[in-house]
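[1] Can you look at this prediction? I've put the sequence above it.
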Amino acid sequence: MLLNLFFNNISSGLEVILIGSFIFALYWFIMRKYNSLGLRLFILCFLVFVSCCVWLYNDEQSLKNTLATGEEHMATIISKAIVGKSDNEVQVNFTAKDGKTINAKTSEYVSKEEWESFEAGKPLAIVYVANKNATYVQQSMMRFKADKIVLYYFAGFWLVLGTVLLICLRKLKVKVDENTGDEWVEKEDGTVILDERRSRASQTIKRVNILSKMIQAFSR
């Protein structure tokens, strides 16, 4: 309940501030003090995991709200078309609860297989959200809701991957040259690996980046 109130009332500006504050806190309290390669990779994977969870939560709440407030109608298919590269659009006609005749197009959640099964003149169950003037194909919404389990597995994959990297690479330390900004990785015995200072590709990219910034500065 509290999460719903928070996400429903948060502004885009506040969202950016909170995300920036969270990332800064991770840097200031963890990454600045601990230079474990495993820990850094875990934090990176954890950020991806959190991002996926937030997106899934917002999408789940939006879907629940649509199903709770939407009107279920049996519409008639008028036509169908492929819009852009992959939008499976279908046009339907139905009468809303207020007596208005609605002619709407929708492609959200519609899969290629579902779209191919649609036929002009045939009935089609839809969900109509009057306050958003939005129409959805009911079977497509239900199929998407069931298929979302794959997205939860995807989010969990990043947490598992980060944990594995943390355990396997926790003893490797990331060092940095404060003068040049070059980084390298050291083993417990001091052996240097993944040395950015000896990488021609890394140094070339860094020079190109500096040159690009100089060009941008003088072009203003």
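    Thanks, I have the structure now.
[2] Tell me the first helix or strand C-terminal of the helix or strand encompassing C53.
    Here C53, judged by DSSP states H and E, is contained in helix 37-69. As assigned by DSSP H and E, the chain's next helix or strand after helix 37-69 is strand 71-83.
[3] Which strands and helices lie in contact with that following strand?
    strand 87-95, strand 123-129 (3 or more C-beta pairs under 8 Å, 6 or more residues apart in numbering; DSSP states H and E). C-beta coordinates here come from the backbone N, C-alpha and C atoms, glycine included.
[4] I figured Q139 was touching S117, is that so?
    No - here Q139 does not reach S117: they are 9.4 Å apart, not a contact under C-beta atoms under 8 Å.
[5] okay, those two: which has more neighbours?
    Q139 (16 against 11; other C-beta atoms under 10 Å).
[6] Check which helices and strands the helix or strand encompassing that one sits against.
    Taking DSSP H and E as the criterion, the element that holds Q139 is helix 138-147. Helices and strands touching helix 138-147, by 3+ C-beta pairs under 8 Å, 6+ apart, are helix 37-69, helix 112-117, strand 123-129.
[7] Looking at these, which is nearest to K105?
    strand 123-129 (11.4 Å; C-beta to C-beta).
[8] how much space between L39 and A130?
    Look at L39 and A130: by C-beta to C-beta, to the nearest Å, they are 50 Å apart.
[9] who has more neighbours, the two?
    L39 (20 against 14).
[10] Surely that one is in contact with I167?
    No - L39 is beyond contact range of I167, at 10.6 Å (criterion: C-beta under 8 Å).
[11] Rebuild the helices and strands packed on helix 138-147 as a markdown table, extending it with mean pLDDT and distance to G13.
    Shown next, in a markdown table, are the helices and strands packed on helix 138-147 (pLDDT from 0 to 100; distance: least, C-beta to C-beta, whole Å):
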| stretch | mean pLDDT | distance to G13 |
| --- | --- | --- |
| helix 37-69 | 89 | 17 |
| helix 112-117 | 93 | 38 |
| strand 123-129 | 94 | 27 |
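[12] tell me the most buried of those?
    Mean neighbour count (mean count of other C-beta atoms under 10 Å) peaks for strand 123-129 among the helices and strands packed on helix 138-147, with a mean of 19.
[13] Can you name every helix or strand that it contacts?
    Packed against strand 123-129 by the contact rule (3+ C-beta pairs under 8 Å, 6+ apart) you find helix 37-69, strand 71-83, strand 87-95, strand 101-106, strand 134-137, helix 138-147.
[14] Now do the first one: distance to the chain's middle.
    Read that as helix 37-69. Its chain's average C-alpha position is 7 Å from that of helix 37-69, according to C-alpha atoms, centre = their mean, to the nearest Å.
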